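Engineer: What follows is a predicted protein model with its sequence.
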Amino acid sequence: MHRHDLLDSLNDAQREAVTAPLAPVLVLAGAGSGKTRVLTHRAAWLIREHGVSPHGLMAVTFTNKAAAEMRGRIEALLDMPGGALWVGTFHGIAHRLLRRHWHEAGLPQSFQILDEEDQHRLVRKIIREQNLDEQRWVPREVQNFINAHKDEGRRAKRLDDRGDPTRQQLIRLYEQYQQRCEQVGVVDFAELLLRSFETMRDIADLGTYYRERFRHLLVDEFQDTNGVQYEWLKFLAGKPGMPFVVGDDDQSIYRWRGARVENMQHFRRDFSATVYKLEQNYRSTPVILAAANAIIAKNTDRLGKELWTAAKGGEPIRVYAAFNERDEADFVLERIREHQRKGLPLTAAAVLYRSNAQSRAFEEALMAARIPYRVYGGLRFFERAEIKDALCYLRLTQVRGDDLSFERVVNLPTRGIGNATIDQIRAAAKEHGQTLWDAGHSLLPMLPARAAAALKGFFALIDRLAAEIAELPLHEQVRIVIENSGLRAHHAKEKDNKGEARVENLDELVNAAEGFAPENDDGLAPLPAFLAHATLESGETQAAMGLDCVQLMTLHAAKGLEFQTVFIVGLEEGLFPSERSAFDADKLPEERRLCYVGLTRAMQQLYLTHAESRRIFGHTSYRDPSRFLSELPPEAIEEIRPRISVSRPLYTAPGPAIIRRGADIGSHAPQRRSRAAPPPAGEETPMRLGARVRHPKFGEGTILRFEGNGENQQVHVNFEDAGQKWLMYSLARLEQIR
């Protein structure tokens, strides 16, 4: 490929960045602006035009998929195999360095790598060997402590205990863990980077060799680098190096796993780097970009850029104020059906949410409509481990002989029933043809005192739970089992996003139980019917990869993807932005960046939804619309209202009402909760959706929806004690209390 051929496909800004002088460069690349194109063309330009040897160029990114794509594009541009290129992930290249220099790194030649679960098991083993209480020293928390410090380049001996006994113990466990790794010759993922950095830094000849060899470092997604990754790159580039880094500070959304957006500012300062901006977007309409620019402009301390597109027109961004999460899911479902009627592929539509727990309402709606879907980057609701754990406890309260459930939760949370005890129970059950429950009872006199006490405690727990929930409503049965089994507290102790997400999912299981209505009356009690429903739903596998289906995913998982139509749901204060971030000056900017990422996933159509009331995380709440909605440009917005019979029982106006935005969305939320078609003169106006009512038998509740009209009109009410019920409106004798 000749010089001009290499540059012909680039716009002016891309061409300027690719042909930048041989000096440190920071490319500030907006969403959909062609950053990978610039990075790969820069590599080809260096080799073709500046005579850089492929052996002297290193390109680094974050995923194996991105690394393979980068290598493939460079090979295509150069029309030559790229075997000489060092292209890979941070961990992959660090591993390659350590394999070459295992002796200098103080490792055995055949060192092994611990994955996350292997590391967790080793940490847990060390805690047990020290006779520490796992309820106090949770293995996952200790693991996170170790990894967080390694990600910042800190060894245990460098940590200050600050006179805190808890921190002192964590540092000792870090030291013991590292000693055990050295003894058996293994490294974890964080160790790969830290050890390769320390090896190059501490062995002068080795560091000099690689600095001289890789004078051209190309780095993708630079905004996602953590502390040790930045130090690794800074050392390797050194003074003779000419690093070329591409990133977008407005898309830095992984601080919770160590990413440091400030590394972009540090790079600019440390290397006196020249900044090039890629602002032309090739993905979204002008309307969508205007919204994204308005949202992100509220963040301070940005390097600063504004996305634009040469495309014209574009549909307005449609904002829907749902009555509750079910109405929200129904709205999304109807828009997806419109997609189908137009002949558009389902895979072009994506539903994005802040929390994994929000997926359940959409899964149920899509499943009921027989529309295939896929939860991207995660498991369907009833397939998630913490949900399976809770269901196993519930099953044992109904059937003690459920061996699979017994094995899953007998030592979860940890209660001192080890593998040896469980093996004995299995052997006895097999020998005598018993269930594990019965075999465990028969073995109690023969077990060591500690194991026998722990097993006896588990039996007593299940019996007690069964008695406690026997006469309660279904959702209370589920809530009490989750609480009193210790599952909720177990996950609440995990000091990371995974633990928080697991707690949210457990709370959402309570919501699922509260809204559960069996399709058939098979004579089953509510709990057995709900357990059967959960089993059937988990057995319905989601759509296979490559099949045309709707995509469901968190906003974090959506980064790097694009869809013709995007639904961002749950835009409410306390949900998005999240409750823990809404009033935190350090965390709120990342929530806003997350919103920016979500908006820029949409190519043609963008829908934003919020609910006036939402049953989530185990509680019904009435939240204000997200502040992000009030930050959108008014001229870009079209509001959609439900137009159904909420004003009177005999009048139904079809279809949604569309209202052009003319004022700030967040400023008038309370007044617009019941914008229904007006009834004809003289007709009496009944209760509105969302009204609080009292029933003579079922007590107090909230109106969720109406169906039908005239004498046959039905009302759907969520009662606090009796759960959700459909009633004939004309016969219900409901009294509005507010």
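Structural biologist: Yep, that arrived.

Engineer: quick one: buried residues of the helix or strand harbouring Ala68?
Structural biologist: Ala68 belongs to helix 64-78 when assigned by DSSP states H and E. Neighbour counts using 16 or more other C-beta atoms under 10 Å place Ala66, Ala67, Glu69, Met70, Arg71, Arg73, Ile74, Glu75, Leu77, Leu78 of helix 64-78 among the buried residues. In short, each C-beta sits where N, CA and C put it, glycine included.

Engineer: Ok, stretch 213-227 next?
Structural biologist: For stretch 213-227, by 16+ other C-beta under 10 Å, it's 214-227.

Engineer: Could you work out the end-to-end span of that stretch for me?
Structural biologist: Its start and end residues considered, stretch 213-227 measures 24 Å (C-alpha to C-alpha, to the nearest Å).

Engineer: Averaged pLDDT, whatever helix or strand comes next after the helix holding Ala68. What do you get?
Structural biologist: Note on helix 64-78: by DSSP H and E, the next helix or strand toward the C-terminus is strand 86-89. Strand 86-89 comes out with an average pLDDT of 90.

Engineer: residues making contact with strand 86-89?
Structural biologist: Strand 86-89 is contacted from outside by 57-64, 66-67, 70-71, 74, 93, 96, 214, using C-beta atoms under 8 Å, 6 or more residues apart in numbering.

Engineer: Which parts of the stretch 401-550 of the chain are strands?
Structural biologist: With strands called from DSSP state E, counting those that start in this stretch, the stretch 401-550 of the chain shows them at 550-554.

Engineer: Kindly apply the preceding question to the stretch 251-400 of the chain instead.
Structural biologist: All strands of the stretch 251-400 of the chain, identified by DSSP E, counting those that start in this stretch, fall at 274-278, 317-322, 349-353, 373-375.

Engineer: winner for burial among the ones you listed?
Structural biologist: strand 349-353 (a mean of 26; mean count of other C-beta atoms under 10 Å).

Engineer: Tell me what angle that one forms with strand 550-554.
Structural biologist: If you take axes from the mean of the first three to the mean of the last three C-alpha atoms, to 10 degrees, strand 349-353 sits at 20 degrees to strand 550-554.

Engineer: helix or strand right after the helix or strand bottoming out on mean pLDDT in the chain?
Structural biologist: When the helices and strands of the chain are compared on mean pLDDT, DSSP states H and E, strand 657-660 comes out lowest with a mean of 43. Using DSSP H and E, the helix or strand that follows strand 657-660 in sequence is strand 692-695.

Engineer: average pLDDT across that next one?
Structural biologist: Here the average pLDDT along strand 692-695 is 86.

Engineer: Next, the buried residues of it.
Structural biologist: Val693, His695.

Engineer: which one of the strands of the stretch 251-400 of the chain lies closest to Leu599?
Structural biologist: Evaluated with C-beta to C-beta, the strands of the stretch 251-400 of the chain place strand 317-322 nearest to Leu599, the distance being 8.3 Å.

Engineer: Just the element for Gln724, please.
Structural biologist: Taking DSSP H and E as the criterion, Gln724 maps to strand 723-728.

Engineer: what's that strand packed up against?
Structural biologist: The contact analysis (3 or more C-beta pairs under 8 Å, 6 or more residues apart in numbering; DSSP states H and E) places strand 723-728 against strand 714-719.

Engineer: Just checking: what are the partner strands of the strand it packs on?
Structural biologist: strand 699-707 (antiparallel), strand 723-728 (antiparallel) (DSSP bridges).

Engineer: what's across from the residue nearest the centre of the chain in the sheet?
Structural biologist: For the chain, Thr554 is the residue whose C-alpha lies nearest the centre (C-alpha atoms, centre = their mean; 4.6 Å). Counting by DSSP bridges, Thr554 is bridged to Tyr353.

Engineer: That one reaches Asn356, doesn't it?
Structural biologist: Yes. Counting by C-beta atoms under 8 Å, Asn356 is a contact partner of Thr554 at 6.0 Å.

Engineer: Please list all residues in contact with Lys559.
Structural biologist: Here Lys559 is in contact with Gln251, Ile253, Val597 (criterion: C-beta under 8 Å, 6+ apart).

Engineer: Can you tell me how far it is from Ala31?
Structural biologist: 9 Å (C-beta to C-beta, to the nearest Å).

Engineer: Which neighbours do those two have in common?
Structural biologist: By C-beta under 8 Å, 6+ apart, the residues touching both Lys559 and Ala31 are Gln251, Val597.

Engineer: any idea which of the strands paired with strand 714-719 is most buried?
Structural biologist: Per-stretch averages of neighbours, counted by mean count of other C-beta under 10 Å, single out strand 699-707 among the strands paired with strand 714-719, with a mean of 19.

Engineer: can you list the residues that contact that strand?
Structural biologist: Contacts of strand 699-707 (C-beta under 8 Å, 6+ apart): 323-324, 326-327, 613, 620, 644-646, 649, 687-695, 713-722, 724, 726, 729, 737.
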